[in-house]
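K.L.:
Give the three-dimensional model of this entry:
(one chain, ligands or ions: 1)
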Amino acid sequence: MVTGISGPNAVVIAGPSGVGKGTLIEKLRQEFPKLFGFSVSHTSRAPRAGEQDGVHYHFTTAEKIKEDVAAGKFIEHAEVHGRHYGTSIMAVEKVRQLGKICILDIDVQGCRSARAKGLLAKYVFLAPPSIQELEKRLRGRGTESEDSIATRLGNAQKEIDAKDEKGLFDVVIVNDDLDMAYHELKEILQTDIDQAAKVHA
Ligand SMILES: Nc1ncnc2c1ncn2[C@@H]1O[C@H](COP(=O)(O)OP(=O)(O)OP(=O)(O)O)[C@@H](O)[C@H]1O
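P.N.:
Numbering: from 1, shown residues only. Have a look, this model is predicted:
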């Protein structure tokens with residue numbers, strides 16, 4: 001259970017790849033540069049040139065991450081090519097202590113885990129107007145291979161089905177018109193934005 005009493009709650013944004021999570025997060029950060037922050041993840045991979053411990057990542061060992069995951073200290077974790085990554089409850093709590101709204105861009109499984117850990121947050125699901133439009137956005141972004149687009153679309157329906165899971169999301173926003181979706185997102189976060197704005201006035 002996250003116990004921080006001061007500072008705004010976090011915001012969890014989930015939704016299929018290509019729906020526009022990054023785009024909306026960027027809009028929030030541009031409009032409110034001081035009010036939003038990201039948690040620093042843990043990783044067992046070695047730092048790259050210029051990467052600072054505690055800034056870009058908390059660099060640690062696979063054993064320590066596994067131990068902390070077992071102890072329930074992580075909201076989500078994954079092993080990718082033998083390297084461990086994860087978001088600790090403490091890392092999210094640190095952002096709150098700075099008076100900022102911590103943005104978590106995580107998948108549905110990560111949301112379930114965050115809920116189970118009692119992470120205080122607004123849980124937002126971002127849905128595409130249709131699968132066809134999602135495909136169009138993934139292609140339009142120009143970052144994915146055909147294989148990658150197929151994988152992402154294959155995963156999308158399962159993610160979208162989770163939007164109605166009882167007790168998981170506080171709100172579902174359909175990202176059809178970008179400005180309207182952004183307006184809805186800000187409305188959901190208004191209390192937290194006001195709280196963070198007081199700290200950073
Ligand atoms: N409302 C919208 N209408 C049309 N295009 C949009 C809209 N929102 C986002 N896009 C475009 O769709 C593409 C995918 O958006 P974005 O990269 O933000 O998705 P994402 O959910 O963050 O994906 P990923 O999970 O793969 O990082 C981008 O090219 C973006 O400009």
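
K.L.:
I'd assumed Glu159 was in contact with Ile131.
P.N.:
No: using CB atoms under 8 Å, Ile131 makes no contact with Glu159, being 11.2 Å away. The C-beta positions use only the backbone N, C-alpha and C, and glycine is treated the same way.

K.L.:
Tell me which of the two has more neighbours.
P.N.:
The residue with more neighbours, out of Ile131 and Glu159, is Glu159; 19 against 13, by other CB atoms under 10 Å.

K.L.:
Count the residues that sit near the closest residue to the more buried one other than its chain neighbours.
P.N.:
Nearest in space to Glu159, with sequence neighbours left out and distances taken as CB to CB, 6 or more residues apart in numbering, is Pro16 at 4.7 Å. When neighbours are defined as other CB under 10 Å, Pro16 has 26 of them.

K.L.:
Pretty sure Pro16 sits against Arg152.
P.N.:
Yes: with contact defined as CB under 8 Å, Pro16 counts as touching Arg152 (7.0 Å).

K.L.:
what residues are up against Ser113?
P.N.:
Ile75, Glu76 (CB atoms under 8 Å, 6 or more residues apart in numbering).

K.L.:
Can you tell me the element it falls in?
P.N.:
Ser113 is located in helix 108-116, with elements delineated by DSSP states H and E.

K.L.:
so the residue nearest to Glu159, which of the three states?
P.N.:
coil (DSSP: H, G, I helix; E, B strand; the rest coil).

K.L.:
who touches the closest residue to Ala121 other than its chain neighbours in this structure?
P.N.:
Computed as CB to CB, 6+ apart, the closest residue to Ala121 that is not its neighbour in sequence is Ala10, at 3.9 Å. Listed by CB under 8 Å, 6+ apart, the contact partners of Ala10 are Val92, Val95, Arg96, Ile101, Cys102, Ile103, Leu104, Leu119, Leu120, Ala121, Lys122.

K.L.:
Could you restrict those to the ones contacting the ligand?
P.N.:
By CB under 6 Å from any ligand atom, no member of the contacts of Ala10 lies near the ligand.

K.L.:
now, which of these lie within strands?
P.N.:
Ile101, Cys102, Ile103, Leu104, Ala121, Lys122 (DSSP state E).

K.L.:
will you turn those into TSV that also has pLDDT and neighbour count?
P.N.:
Output for these, formatted as TSV (pLDDT from 0 to 100; neighbours: other CB atoms under 10 Å):
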residue	pLDDT	neighbour count
Ile101	98	23
Cys102	98	25
Ile103	98	23
Leu104	97	24
Ala121	97	25
Lys122	97	19
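
K.L.:
which among these gets closest to the ligand?
P.N.:
Distance to the ligand across the ones in strands among the contacts of Ala10 (CB to the nearest ligand atom) is lowest for Ile103, with 11.7 Å.

K.L.:
Do I have it right that the closest one meets Ile25?
P.N.:
Yes: counting by CB under 8 Å, Ile25 is a contact partner of Ile103 at 5.6 Å.
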